[in-house]
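> Provided below for reference: sequence and predicted model.
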Amino acid sequence: MNTSIDYKIEDLQNYKLICQKRPSNTRAYFDEFIKKNNVVLTPSIEAVSTAIVNDLCKIGLGYAFTTKEYIMDSLQSGELVELKVNTTPPPREIGIVLYKNTHIPYASNKFIDMILKK
């Protein structure tokens, strides 16, 4: 795949896709994203974890939809490259659930503060 051009999402049908197996949140998010764009992308390989998906990409078995933050080191080292696609998925959302009337440890409070800070 040429990394210097912008791909249309439909172009990705011509390449080997590596995805997480269902059920996974990443796979559900990906499936919903391509469905909204009226595209059918059938994985060549399905793996049980993001780490395995990323490893399979590193050895050249295909491309994957993955969380960029998980692969930043590999992107910076050139081990993986980011493909430019003309359609980007919407940002994901995160929720926080706490037990009522329960003490929250200091570290947990700091973590929640980091998440809530934009």
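Received the coordinates, thanks.
> Let's check: the centremost residue of this structure is which one?
The centroid of the chain falls nearest to residue 66 when counting by CA atoms, centre = their mean (2.5 Å).
> residues contacting that one?
Counting by CB atoms under 8 Å, 6 or more residues apart in numbering, residue 66 touches 26, 50, 53, 54, 57. In short, each C-beta sits where N, CA and C put it, glycine included.
> and it, that's in a strand?
No - under the criterion used here (DSSP: H, G, I helix; E, B strand; the rest coil), residue 66 is coil, not part of a strand.
> closest to residue 100 among the contacts of residue 66?
The nearest member of those to residue 100, counting by CB to CB, is residue 26 at 30.5 Å.
> Is there a neighbour count for that closest one? I'd like the number.
Neighbours of residue 26 under the rule other CB atoms under 10 Å: 18.
> That one: what secondary structure?
Secondary structure, three-state DSSP: residue 26 is helix.
> Make sure it is actually in contact with residue 64.
No - taking CB atoms under 8 Å as the definition, residue 26 is not a contact partner of residue 64, at 9.6 Å.
> Okay, and the nearest residue to residue 45 once chain neighbours are set aside sits in which element?
Leaving out its chain neighbours, the residue that sits closest to residue 45 by CB to CB, 6 or more residues apart in numbering is residue 18, at 4.7 Å. Using DSSP states H and E, residue 18 sits within strand 17-20.
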